[in-house]
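J.: could you look at this predicted model? Sequence included:
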Amino acid sequence: MRQSNCSNNPGRLPQDHESPVHLIGLTQPHGVLIGLEASTFNIAHISDNAISHLGISAQTLIGQNLFELIESSTPIQHLQHSLETCSNYPSYHPISISTPSETKQFDGLLHRIDNSILLELEPTHKQTAVELTSLQNQIQRSLSRLRSLDDITDFLQTATTEIQAITGFERVMVYRFDEHCAGSVIAEVKPPEKVSYLGLHYPATDIPTTVRQLYHQGLTRFIPDLRAPSVELVTAEQSFAQTPVDLRYAILRGVDPCCVEYHQNMGVTALLVIALVQGNRLWGLISCHHPTSKFLPYPVRSACVILGQLVAAEVAGKVDRKELNYLSSLQAIQANFIDSIAKATDFKQALIEPAPRLLEVVSAQGAAICLDQDITLIGETPCLEDIQALISWSLEKPSSEIFHTNCLVQVYPSAVNIQAVASGLIVLTISKVRRYLILWFRPEVLQTINWAGNPHESVREGQAILGPRTSFENWKETVRATALPWKSAELANALALKNAIVGIVLSKADELAQINLELERSNRELDSFAYAASHDLKEPLRGITNFSNLILRRYSESLDESAVKRLQTLVKLAERMDRLIDALLRFSRLGQAELQQQPTDLNTLLSKVLETLHAGQNEDTSTIQIHIPRQLPAVKADSILLSEVFSNLLSNALKYTDQPQPSIEVGYLEPNDPKIADGIEPNTCVIYVQDDGIGIHKRHFQNIFRLFKRLHERDSYGGGTGVGLTIAKKIIERHGGHIWVESTYGMGTTFYFVLNCEEK
């Protein structure tokens, strides 16, 4: 047993030192390989076993034209057309060759490579019509069974069983590559007494890069006898083919000695490998092993290739469906998330509430939201100090929209202290300039990997060494400091979230710009309206009032009672309209006049407001109790406007009460007071005016600040225009603060507002 972290994963190695196996210059002996000049079809090179298959020595055949060997029973015109149009993928043609002793039938495979045409001839193993029909029926049954299976594990296991039945190979396995090109056996069929390789992992060096590339280009590799001696290629001395012949697509390509020894160490003599290619990616292999030599006729191999193509397509479909279902669920979460962000007024709150939603976007266990210096933690995360260091590190990295790893300690050694909760990391950079980032975390997941033999045998001093393995016994390795890898759908979701946030911000910026333009226009219109109200509307309104009073004085005796009441109502309505116009004019002018901010002693200001308030009360003011528990602070404000704020708040406290002796308290809160939930900016203070009046229902908290909004009948509780709190709110906001209310219906109300304190 060995313990390692992700940095020692043998599936992630430096460039391996490999020989170009496709330039091996050797062929297998069960067929003959002929290289033709593409323009003349003359033989430029040929395997040295020609005499065994064709009865003519290779040296004799060099330079001859291919058609001199072709027996007349072969469709010459069809073959010539195939030679002229062949591609780099082998195509099948039955060919009859005239040998000195007899005419022999061959299975011919043609393909083009550079300026050469390679023709591979394997002696035809005659199969009866009954055998071919049986094979065809078997393939159809296999296809039908495989297509009926939805579960990918059952599907792959059935595929191994079907291919074993067709080929007769002792062991058939499905071998899957991971993102680091290491592999593992995920399905297997074998004799009961044989050692199982199911679940075992193999390092990337077991199938080197060049070999994987060959599998990616050519779909099959067939070696009927690994013990058979290789055959050299004979080449014309003056031929253009003096350079090594490229055999990458050749079925008869010779076997590298390393490959021979590797498989013999596994007890394998015959080998069939079918590549499983999805799109432009080598997903895995179907690997068939047999302990003794075993030849498969071309039709059987073709059938296996068809099954392999189906397996690759179906696996892709099943994986895609699974990924699509997962992606759909992530996108549904994200759509809801983005919709709430777009509608929210507070960007930060929209991100963090409800807390699980941000985690679900990428299936993380923890997250950190960095908005400049403001960092909010959700779920299982490192401590704030570690996250601040991690953010600084990530901002120093080259510019990138998204960074991700499932082994953070490999790229950030300091993560060794936080790997329990943060072995996996996604950093989504929304803005480097403003330090807007979202970090997602996944915890360490201890993994025990069962390797087929010690994978580190192939690594010396950090370099991968191409060499045969000697042991395939189960070798366990515990991997630490790794998290579950991030899926492509999760990373795509994270990027989509960033794009949506940027889009929302830009959209809101456009909306804000448009709103500002409209506000400027509205303000100009409001100024015009204020002028009209003060000069044009008030004059006819006074005329209505004066003429109504004149009629009442002169003609009241000649009018009936109903007419008198109507005229009196008309006077009251005109007077109310006059008060409303005055209030509206006063409100509109608040935004026009420049603030005269200066150091203001709230104690002195409040005393003057109380004097004015007492003077304006009709009833006995001795019953009014205004309590100031401690000396109020000095603030920087426009004293005239601030006096109006206190006047409006205190007037409301006295007005909306059912107490015979109303009690009012004016004070301020300390910065660490629990009533200040979100805290306040430095050098500010929170002033409050508290009463024991009738209170306000919570549903009306926002409505009370609306222009002309009253919660009671027009003349109840002393009447009023409903503009006092609107004016107070505008004055406080012009000072850079904000005002809010807390109230319990039937028990009293407290108004809070924030002001800038005078610096000492």
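T.: All right, it came through fine. Since the model is a prediction, treat every value here as computed from it, not as a measurement. Residues are numbered from 1 along each chain as shown.
J.: from here on, contacts and neighbour counts on C-alpha atoms
T.: Fine.
J.: show me the chain divided up by domain.
T.: Here the domain parsing of the chain from automatic domain parsing is 22-123, 366-442, 500-589, 595-756.
J.: please identify which of those domains is closest to residue 296.
T.: Across the domains of the chain, residue 296 has its closest neighbour in domain 22-123 (11.0 Å, Cα to Cα).
J.: is it true that residue 255 lies in a helix?
T.: No. Counting by DSSP: H, G, I helix; E, B strand; the rest coil, residue 255 is located in no helix; its state is coil.
J.: how close does it get to residue 263?
T.: As judged by Cα to Cα, to the nearest Å, residue 255 and residue 263 stand 11 Å apart.
J.: ok, residue 577 next?
T.: With Cα to Cα as the criterion, residue 577 and residue 263 are 101 Å apart.
J.: give me the more crowded residue out of the two.
T.: Legend: neighbour count by other Cα atoms under 10 Å for residue 577 and residue 263, higher for residue 263 (19 against 16).
J.: which strand or helix spans the more buried one?
T.: Assessed by DSSP states H and E, residue 263 sits inside helix 257-265.
J.: and what of residue 45?
T.: Per DSSP H and E: strand 43-47 holds residue 45.
J.: please, where are all the strands along the stretch 551-700 of the chain?
T.: For the stretch 551-700 of the chain, applying DSSP state E, counting those that start in this stretch gives strands covering 598-601, 625-627, 634-637, 663-669, 684-691.
J.: need the contact partners of the third one.
T.: Spelled out, it's strand 634-637. 596, 597, 598, 599, 600, 601, 602, 735, 755, 756, 757, 758 (Cα atoms under 8 Å, 6 or more residues apart in numbering).
J.: go ahead and measure how far the strand holding residue 45 is from the middle of the chain.
T.: Averaged C-alpha coordinates place strand 43-47 at 55 Å from its chain's average position (Cα atoms, centre = their mean, to the nearest Å).
J.: partner strands of that strand, parallel or antiparallel?
T.: strand 32-37 (antiparallel), strand 231-235 (antiparallel) (DSSP bridges).
J.: just name the most buried of these.
T.: Mean neighbours per residue, mean count of other Cα atoms under 10 Å, is largest over the strands paired with strand 43-47 for strand 32-37, with a mean of 25.
J.: contacts for that strand next, please.
T.: 27, 42-47, 49-50, 53, 66, 115-122, 252.
J.: pull out the buried residues from those.
T.: Using 16 or more other Cα atoms under 10 Å as the burial test, the contacts of strand 32-37 include 27, 42-47, 49-50, 53, 66, 116-122, 252 as buried.
J.: check which helices and strands whichever helix or strand residue 134 is part of is in contact with.
T.: Assigned by DSSP H and E, residue 134 belongs to helix 129-147. Contacts defined by 3 or more Cα pairs under 8 Å, 6 or more residues apart in numbering; DSSP states H and E place helix 129-147 against helix 152-167, helix 298-343.
J.: contacts for that helix next, please.
T.: By Cα under 8 Å, 6+ apart, helix 129-147 touches 155, 158, 159, 162, 166, 300, 303, 307, 310, 314.
J.: most neighbours among the residues you listed, which one?
T.: For the contacts of helix 129-147, the largest neighbour count, defined by other Cα under 10 Å, is 27 neighbours, found at residue 159.
J.: the closest residue to that one other than its chain neighbours and residue 305: what is the separation?
T.: Once flanking residues are discounted, residue 159 sits nearest to residue 146: 6.9 Å by Cα to Cα, 6 or more residues apart in numbering. Look at residue 146 and residue 305: by Cα to Cα, they are 15 Å apart.
J.: what do you get for residue 485?
T.: Distance of residue 485 to residue 305, given as Cα to Cα: 32 Å.
J.: now list the buried members of the contacts of strand 634-637.
T.: If we count by 16+ other Cα under 10 Å, the contacts of strand 634-637 have these buried: 600, 601, 602, 735, 755, 756, 757, 758.
J.: can you tell me the SS state at residue 250?
T.: coil.
J.: pretty sure residue 492 is in a helix, no?
T.: Yes. Assignment of residue 492 by three-state DSSP places it within a helix.
J.: residue 435 versus that one, what's the distance?
T.: For residue 492, the distance to residue 435 - Cα to Cα - is 22 Å.
J.: check residue 226 too.
T.: Remark: distance between residue 226 and residue 435 (Cα to Cα) = 61 Å.
J.: again with residue 647
T.: As judged by Cα to Cα, residue 647 and residue 435 stand 44 Å apart.
J.: more crowded one of those two?
T.: Each of residue 647 and residue 435 has its neighbours counted (other Cα under 10 Å); residue 647 has more, 20 against 17.
J.: so that one makes contact with residue 608?
T.: No. Using Cα atoms under 8 Å, residue 647 is not in contact with residue 608; the gap is 9.9 Å.
J.: re the thing from before, as CSV, the contacts of strand 634-637 with distance to residue 741 and pLDDT would be great.
T.: Conversion of the contacts of strand 634-637 to CSV gives the following (distance: Cα to Cα, whole Å; pLDDT from 0 to 100):
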residue, distance to residue 741, pLDDT
596, 27, 78
597, 25, 81
598, 26, 86
599, 26, 89
600, 24, 87
601, 24, 89
602, 20, 90
735, 18, 82
755, 15, 88
756, 19, 85
757, 21, 83
758, 24, 76
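J.: can you redo the residues you listed as CSV with distance to residue 541?
T.: Below are these laid out as CSV (distance: Cα to Cα, whole Å):
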residue, distance to residue 541
596, 34
597, 36
598, 39
599, 41
600, 39
601, 41
602, 39
735, 35
755, 39
756, 42
757, 44
758, 45
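J.: show me where the stretch 651-760 of the chain dips below the pLDDT cut-off.
T.: 677-679, 700, 703, 707-722, 759-760 (pLDDT under 70).
J.: stretch 300-314 - what's its average pLDDT?
T.: Averaged across stretch 300-314, pLDDT comes to 87.
J.: picking that back up, packing partners of whichever helix or strand comes after the strand holding residue 45?
T.: Per DSSP H and E, the first helix or strand lying C-terminal to strand 43-47 is helix 50-54. Packing partners of helix 50-54 (3+ Cα pairs under 8 Å, 6+ apart): none among the helices and strands.
J.: and the helix or strand that helix 50-54 is followed by, what's buried?
T.: Sequence-wise, the next helix or strand beyond helix 50-54 is helix 58-61, with elements assigned using DSSP H and E. Going by neighbour count (16+ other Cα under 10 Å), the buried part of helix 58-61 is 58, 59, 61.
J.: got the contact list for the closest residue to the last one other than its chain neighbours?
T.: Residue nearest to residue 61 in three dimensions, not counting chain neighbours: residue 43, with 6.9 Å by Cα to Cα, 6+ apart. For residue 43, the contacting residues are 34, 35, 36, 37, 61, 62, 63, 64, 65, 66, by Cα under 8 Å, 6+ apart.
J.: so how far is residue 33 from residue 43?
T.: 10 Å.
J.: now swap in residue 563 and tell me
T.: The gap separating residue 563 from residue 33 is 122 Å, by Cα to Cα.
J.: what's the answer for residue 738, then?
T.: Residue 738 sits 88 Å away from residue 33, going by Cα to Cα.
J.: and what of residue 149?
T.: Distance, residue 149 to residue 33, by Cα to Cα: 41 Å.
J.: cool, and residue 285?
T.: Taken as Cα to Cα, the span from residue 285 to residue 33 is 26 Å.
J.: over to residue 365?
T.: Taken as Cα to Cα, the span from residue 365 to residue 33 is 59 Å.
J.: flag the shaky bits of the stretch 401-550 of the chain, pLDDT-wise.
T.: For the stretch 401-550 of the chain, residues meeting the criterion pLDDT under 70 lie at 446-480, 502-539.
J.: quick one: the strands in it?
T.: Using DSSP E, counting those that start in this stretch, the strands of the stretch 401-550 of the chain run over 402-405, 424-431, 436-442, 447-452, 459-460, 463-464, 474-480.
J.: so which elements touch the first one?
T.: The reference is to strand 402-405. strand 424-431.
J.: what's the angle between the strand it packs on and strand 436-442?
T.: 170 degrees (axes from the mean of the first three to the mean of the last three Cα atoms, to 10 degrees).
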